[in-house]
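1. Dropping the sequence and predicted coords here.
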Amino acid sequence: MTTPGPPERLYGDLAPWWPLISPVDVYEPDAALATELFALAAHPVREVLELGSGGGHTAYHLRDRHALTLVDLSPAMLDMSRRLLPGAAHLPGDMRDVRLGRTFDAVLVHDAIDYMTTHDDLSAVFRTAWEHLRPGGIAVFFPDHVADTYEPVTDCGGSDAEDGSGVRYLEWSLPPEPGATTVRTDYTFTIREKDGGVHTVHETHVTGLFAVAEWQRLLTAAGFEVTTAREDGGQGRTLFAARRPLP
């Protein structure tokens with residue numbers, strides 16, 4: 001199987017459709033989970049850095065409690081986030097190597113961590129988180145899946161705007177190749193413009209797939225004290241909270 005390129009369209013020319021593809025309200029439970037995990041820090045969490053912040057939908061639910069710095073690789077997604085969160089700092093950067101020259105009480109990496117497809121990529125993000133955390137600070141990671149519990153899915157979603165435009169998507173993931181650290185998911189977006197015109201877009205996303213033990217090993221190797229949390233339900237996500245030790 002040929003490995004497809006990066007998902008350039010969803011986070012590029014389709015970015016203005018993001019609020020309809022994945023509405024902001026969907027992220028409220030994850031923001032609440034992040035807040036619970038921030039409590040594992042050794043001190044109160046006031047300043048938060050989010051890596052791979054996308055359209056700002058998770059950060060939106062944290063805006064009243066924290067001072068936010070949001071970093072993303074996509075200029076189009078940063079533009080969407082600035083409209084939603086004008087009070088947050090927005091900076092371009094790759095979570096693997098961005099260096100802001102300052103530290104925070106917490107680092108949040110939501111499902112953008114899924115686009116790390118090698119052990120080296122994952123370790124690079126952990127180093128970035130470490131470099132931006134104060135001693136006692138907490139880094140929280142929200143992968144959509146881990147190898148221990150992964151199962152292919154078919155799903156759909158989307159929503160409509162008041163002006164008559166709307167989006168529907170079909171998500172179709174495939175079983176991973178034996179021994180692979182990646183999984184392929186195909187998306188088809190059906191987009192209705194406000195004038196009634198309809199077109200479709202297909203895009204393939206390749207995301208990382210690592211065992212819980214490997215996450216724990218790489219986080220420990222980066223210097224963190226690791227806590228693993230599991231959501232309720234048989235297919236609940238496994239989340240990771242990594243604290244930078246106090247001196």
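-> The structure has been received and is ready for your questions. Numbering: from 1, shown residues only.
2. residues touching residue 46, list them.
-> Listed by C-beta atoms under 8 Å, 6 or more residues apart in numbering, the contact partners of residue 46 are 66-67, 105. No exception for glycine: its C-beta is placed from N, CA and C like everyone else's.
3. Which of those residues fall in strands?
-> In strands, defined here by DSSP state E, the members of the contacts of residue 46 are 67, 105.
4. Between the contacts of residue 46, which sits nearest residue 88?
-> Ranked by distance to residue 88 (C-beta to C-beta), these are led by residue 67 at 8.2 Å.
5. Distance of the closest one relative to residue 46?
-> According to C-beta to C-beta, to the nearest Å, residue 67 and residue 46 sit 6 Å apart.
6. what's around residue 151, how many residues?
-> 9 (other C-beta atoms under 10 Å).
7. Pretty sure it sits in a helix.
-> No: under DSSP: H, G, I helix; E, B strand; the rest coil, residue 151 sits outside any helix and is assigned coil.
8. Quick check, pLDDT for it.
-> Each residue has a pLDDT score; the one for residue 151 is 93.
9. distance between the ends of stretch 73-89?
-> One end of stretch 73-89 sits 14 Å from the other (C-alpha to C-alpha, to the nearest Å).
10. Show me what counts as buried in that stretch.
-> Using 16 or more other C-beta atoms under 10 Å as the test for burial, stretch 73-89 gives 73-74, 76-78, 80-82, 84-85, 88.
11. In helices, which of the residues you listed fall?
-> With helices taken from DSSP state H, the overlap with those comprises 76-78, 80-82, 84.
12. a markdown table please, covering these and showing pLDDT.
-> Shown next, in a markdown table, are these (pLDDT from 0 to 100):
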| residue | pLDDT |
| --- | --- |
| 76 | 96 |
| 77 | 97 |
| 78 | 97 |
| 80 | 98 |
| 81 | 98 |
| 82 | 98 |
| 84 | 98 |
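13. Name the nearest of those relative to residue 149.
-> When these are compared for distance to residue 149 (C-beta to C-beta), residue 77 comes out closest, at 28.3 Å.
14. check contacts around the closest one.
-> In this structure, residue 77 makes contact with 11, 15, 18, 53-55, judged by C-beta under 8 Å, 6+ apart.
15. for residue 127, same thing?
-> Each residue near residue 127 by C-beta under 8 Å, 6+ apart is listed here: residue 222.
16. In JSON lines, list the buried residues of stretch 73-89 along with distance to residue 22.
-> As requested, the buried residues of stretch 73-89 are arranged in JSON lines below (distance: C-beta to C-beta, whole Å):
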{"residue": "73", "distance to residue 22": "17"}
{"residue": "74", "distance to residue 22": "14"}
{"residue": "76", "distance to residue 22": "14"}
{"residue": "77", "distance to residue 22": "11"}
{"residue": "78", "distance to residue 22": "16"}
{"residue": "80", "distance to residue 22": "11"}
{"residue": "81", "distance to residue 22": "13"}
{"residue": "82", "distance to residue 22": "17"}
{"residue": "84", "distance to residue 22": "13"}
{"residue": "85", "distance to residue 22": "16"}
{"residue": "88", "distance to residue 22": "18"}
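17. gap between the closest residue to residue 100 other than its chain neighbours and residue 106?
-> Distances taken as C-beta to C-beta, 6 or more residues apart in numbering place residue 132 nearest to residue 100, at 6.4 Å, with adjacent residues excluded. Residue 132 sits 10 Å away from residue 106 when distances are taken as C-beta to C-beta.
18. same thing with residue 57?
-> From residue 57 over to residue 106 the distance is 18 Å, taken as C-beta to C-beta.
19. Mind checking which of these two has more residues around it?
-> Taking neighbours as other C-beta under 10 Å, residue 57 and residue 106 compare with residue 106 leading, 29 against 24.
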